[in-house]
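**Student:** Could you look at this predicted model? Sequence included:
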Amino acid sequence: MPSPVKRYQLEMHNNLGFFATWLPSTTIALGDIGVLQGGRFRRVASLKELGIVQTDVREGTAENVSYSASAKRSDSIGVGARTADPLASGELSISFTSEGGYIFDAINMKQMEVADRISLASNVLKAHKDGRWQKEWLVIDALYRAESATILVSEDASSEIVLKADAAALPAGLLPLADPKLRLGIASSSGKIVHIVAANNLHPLYSCVKVRESLLFGKPTVVPVRGGADGSADALGRPGIDDLLNS
């Protein structure tokens, strides 16, 4: 049976096709070199440190993203929110009903990726040929950056966390969990929950490429490592989510 963390990673991969950074607050960057180990990307170097010129970066459009599984939330706006009291407050209770239940809430999340993948492949293959690249290494070629994000992952079959908001004006309806203006804090919790609350500049998702030996010609090629599958990728033996989960 997969661990709670692996369930979260599998769910996020199925939703967005990228690997989920673990722990969610781990610092990663385009051009980082590392290995998959214990379900995590373990950094060992960078393209810059190996003297490899990094190509330009292409950025996508910012968007708000929200996913959840096995999670139930209920907001309770305090008295101050219904009066002229400028220090309105409210509480949000989130209960999880299974191991690996999660909430992923991000504001202004933007994809950043290597713009010239041909140059990246050429540079990596040259480093491989020169003996400066180990075949098990991967390089991060794309990631998502979130202006602010709240990520909650339950490690118990039943758990609960209560978040408290403190802001001059609370919005109607459900509180946006990633909004830093609400100044969310943890009021109480029960059970084991990994929690990142309204943290700035997270990189919660990434993809990477690695050098693989061709079975037919013995020449290395660079293929994506993020789990999306199509015919050509299968022919190249594209690693999938199992490579992360079983690392």
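**Tutor:** Done, it's in.
**Student:** Output the longest strand belonging to this structure.
**Tutor:** Ranked by residue count and defined by DSSP state E, the top strand of the chain is strand 193-213.
**Student:** Pairing partners for that one, with directions?
**Tutor:** Neighbouring strands of strand 193-213 in its sheet, by DSSP bridges, are strand 19-20 (antiparallel), strand 138-154 (antiparallel), strand 220-225 (antiparallel).
**Student:** who's in contact with the shortest one?
**Tutor:** The reference is to strand 19-20. Contact with strand 19-20 is made by 8-9, 12-13, 41, 204-208, 226-227, 241, 244, as judged by C-beta atoms under 8 Å, 6 or more residues apart in numbering. Placement of C-beta: from N, CA and C, glycine included.
**Student:** out of those, who's nearest residue 48?
**Tutor:** Using C-beta to C-beta, residue 208 comes nearest to residue 48 of the contacts of strand 19-20, at 16.2 Å.
**Student:** give me the number of residues near that closest one?
**Tutor:** Applying other C-beta atoms under 10 Å, we find 25 residues neighbouring residue 208.
**Student:** ditto for residue 25
**Tutor:** Residues lying near residue 25 (other C-beta under 10 Å) number 14.
**Student:** now do residue 160
**Tutor:** Residue 160: 16 neighbours (other C-beta under 10 Å).
**Student:** Now the host helix or strand of it: buried residues?
**Tutor:** Taking DSSP states H and E as the definition, one finds residue 160 inside strand 159-167. Buried positions in strand 159-167, judged by neighbour count with 16 or more other C-beta atoms under 10 Å: 159-165, 167.
**Student:** so how far is residue 192 from the residue nearest to residue 58 when sequence neighbours are not counted?
**Tutor:** Leaving aside its sequence neighbours, residue 58 sits nearest to residue 115 (C-beta to C-beta, 6 or more residues apart in numbering; 4.1 Å). Distance, residue 115 to residue 192, by C-beta to C-beta, to the nearest Å: 41 Å.
**Student:** can you check residue 30 too?
**Tutor:** Look at residue 30 and residue 192: by C-beta to C-beta, they are 33 Å apart.
**Student:** Right, I'll call it a day here.
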